[in-house]
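# Sharing a model that was predicted from the sequence below.
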Amino acid sequence: MFYTMTKEDTQDFARQNKLAVSFLINATNDYVGARCCLSNGLLVGLVLGAQAVEKYLKAFILFKDSSQNIKKLSHKIPELAKKAIELDSNFTLSAQALTFIETLEKHYNSRYPDNSNSSTTKSSAEIDELDEIVMLINEQLDIPMEVRYRNGLYAVVNSSLESNINVGCIIEQWIKTNNKALEPLHSKIKTEYLSVREHLYD
């Protein structure tokens, strides 16, 4: 693979895009929590899943245009998806993903019992749709490979390849277990992760 960034370049990029990188990391933490809960039948995981998708979309938007006022869009996940598509004509979400985004917003609104625009039904089986949309967004992030594999989902899912990161390995397992959307991509992600690590640190 051909790389253009040094370790210092990667660190500079992260500093210059600090908010976007922070959203990427926070989204991954929420995603881990969502999968942990849903894998154990705890439907509060759908609220965490909604937060994860919201933050992944905010990261996507900020990487494209750091001047975007994402606070204006608040927690409106469908509007965030619309903004991401508007900023990048190559960014695509399936019709199923867009429908699920509408559902996620209702799941998020169910945090309060007096919210009229909230879910009436939830299912832990929705983990598959959550996985699908998380992978769709991450695969289309318009950031250098050196940054993609040192921050967020693709860094965490390879934690076991690093030494002395026991907590990271546990988190990695929560992401990987029965993840149908990740499974066909995992070999590629692992290979690219190792290549980036070798380029930057070995």
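Nice, thanks for sending it over.

# Arg35 and Lys55: what is the separation?
When distance is defined by C-beta to C-beta, to the nearest Å, Arg35 is 15 Å away from Lys55. Any C-beta I mention is one placed from the backbone N, CA and C, and that applies to glycine too.

# So which of the two has more stuff around it?
Set Arg35 next to Lys55 and count neighbours by other C-beta atoms under 10 Å: Arg35 wins out with 26 against 23.

# quick one: the more buried one and Ile127 touch, right?
Yes. If you go by C-beta atoms under 8 Å, Arg35 and Ile127 touch, sitting 6.5 Å apart.

# which residues do these two both contact?
Shared contacts of Arg35 and Ile127 (C-beta atoms under 8 Å, 6 or more residues apart in numbering): Gly45.

# just for the protein, where's the confidence low?
Counting by pLDDT under 70, the ranges of the chain that qualify are 1, 163-168, 202.

# could you redo the last one with a cut-off of 90?
1-5, 70-75, 111-120, 159-171, 173, 199-202 (pLDDT under 90).

# just the helices in it please.
7-16, 18-39, 45-64, 77-87, 95-109, 127-139, 145-148, 153-156, 166-176, 183-201 (DSSP state H).

# which residues touch the nearest residue in space to Leu19 that is not next to it in sequence?
Leaving out its chain neighbours, the residue that sits closest to Leu19 by C-beta to C-beta, 6 or more residues apart in numbering is Leu62, at 5.8 Å. Taking C-beta under 8 Å, 6+ apart as the criterion, Leu62 is in contact with 17, 19-20, 23, 68, 70.

# circling back: of all the helices of the chain, which one is nearest Asn117?
Nearest to Asn117, of all the helices of the chain, is helix 95-109, at 5.2 Å by C-beta to C-beta.

# List the buried residues of the closest one.
97, 100-101, 103-109 (16 or more other C-beta atoms under 10 Å).

# which of the residues you listed lies closest to Asn40?
Here the nearest of the buried residues of helix 95-109 to Asn40, counting by C-beta to C-beta, is His107; it sits at 17.0 Å.

# Give me the nearest residue to Asn109, chain neighbours excluded.
Residue nearest to Asn109 in three dimensions, not counting chain neighbours: Ser118, with 4.0 Å by C-beta to C-beta, 6+ apart.
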